[in-house]
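Colleague: Sequence first, predicted model second:
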Amino acid sequence: MYKLKKMLVLVGLMGAGKSSVGKRLSEYLNVGFIDADQEIEKAAGMKIVEIFEKFGEKYFRAGEKKVINRLILGKPQVLSTGGGAFMSEEIRGVIKMHSFSIWLKADLETLWPRVSGKGNRPLLNNKYPKQELENLIIKRNPVYKKANITIESKSNISHLAMVDKIIKKLKKHNILTRTT
Ligand code: S3P
């Protein structure tokens, strides 16, 4: 058994596997799992696509900041954030101060099949979604790189293998202590 010393925050683009890897990681560590996007939807009483449609991205980002500021202060567990959250300098600062961040890094070939045709990602609901996703990779990767550790996410790497890699790195960074 391990004891988690700090909140773990997963960052990275949509489709990188933050929620599914995050859930598995939390199960392995026997801690809770929170999805910031779901918490935003709960607080707003509507889906993210609807928030974007009705109130716009700026409003969504303000809600995202509020929710993450609240969740990050909880007891150490696994927190998955929406792909744009880490782009905010303020949110990055809060994440750095209170948690250990993990970037799930994935390329276009991995991400695209996972997000295409779903309609639930407002930033991709336009004429050239694949191009948009590629632009986001170029723009955001240098920022995601600021996370404490990077774990590669690819369709041929199982979630379990990713969890295994994360655990090894957490031990190395002294974020996990053995209790039994
Ligand atoms: C966004 C990613 C989404 C969600 C919103 C905006 C982004 O979360 O927060 O659609 O800016 O990349 P996921 O990364 O969980 O899909």
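Modeller: Yep, that arrived.

Colleague: for the helix or strand hosting Gly93, packing partners?
Modeller: Per DSSP states H and E: Gly93 is located in helix 89-98. Helix 89-98 sits against strand 7-11, helix 57-71, with contacts defined as 3 or more CB pairs under 8 Å, 6 or more residues apart in numbering; DSSP states H and E. C-beta coordinates here come from the backbone N, C-alpha and C atoms, glycine included.

Colleague: tell me the SS of Ile157?
Modeller: The three-state label given to Ile157 by DSSP: H, G, I helix; E, B strand; the rest coil is coil.

Colleague: related to what we said a few turns ago, just the buried residues of the helix holding Gly93, please?
Modeller: Buried residues in helix 89-98, counted by 16 or more other CB atoms under 10 Å: Ile91, Arg92, Val94, Ile95, His98.

Colleague: before we move on, what about stretch 145-154?
Modeller: By 16+ other CB under 10 Å, the buried positions in stretch 145-154 come out as Ala147, Asn148, Ile149, Thr150, Ile151, Ser153.

Colleague: Which of those sits closest to Val49?
Modeller: Ser153 (23.8 Å; CB to CB).

Colleague: Least confident secondary structure element in this structure?
Modeller: Of all helical and strand segments in the chain, the minimum by mean pLDDT, DSSP states H and E falls on strand 176-178, at a mean of 89.

Colleague: Just the residues contacting that strand, thanks.
Modeller: The contact list for strand 176-178 (CB atoms under 8 Å, 6 or more residues apart in numbering) reads Met1, Tyr2, Lys3, Leu4, Lys5, Leu29, Ile167, Leu170.

Colleague: Sheet partners, orientation included, of that strand?
Modeller: Paired neighbours of strand 176-178 in the sheet (DSSP bridges): strand 2-4 (antiparallel).

Colleague: got a list of contacts for the strand it pairs with?
Modeller: So strand 2-4 is contacted by Leu29, Asn30, Val31, Pro76, Gln77, Leu170, Ile175, Leu176, Thr177, Arg178, Thr179 (CB under 8 Å, 6+ apart).

Colleague: mind redoing it with 10 Å?
Modeller: Contact with strand 2-4 is made by 25-26, 28-31, 75-78, 100, 167, 170-171, 175-180, as judged by CB atoms under 10 Å, 6 or more residues apart in numbering.

Colleague: Going through those, which ones are buried?
Modeller: By 16+ other CB under 10 Å, the contacts of strand 2-4 give Leu25, Ser26, Leu29, Val31, Pro76, Gln77, Val78, Phe100, Ile167, Leu170, Ile175, Leu176 as buried.
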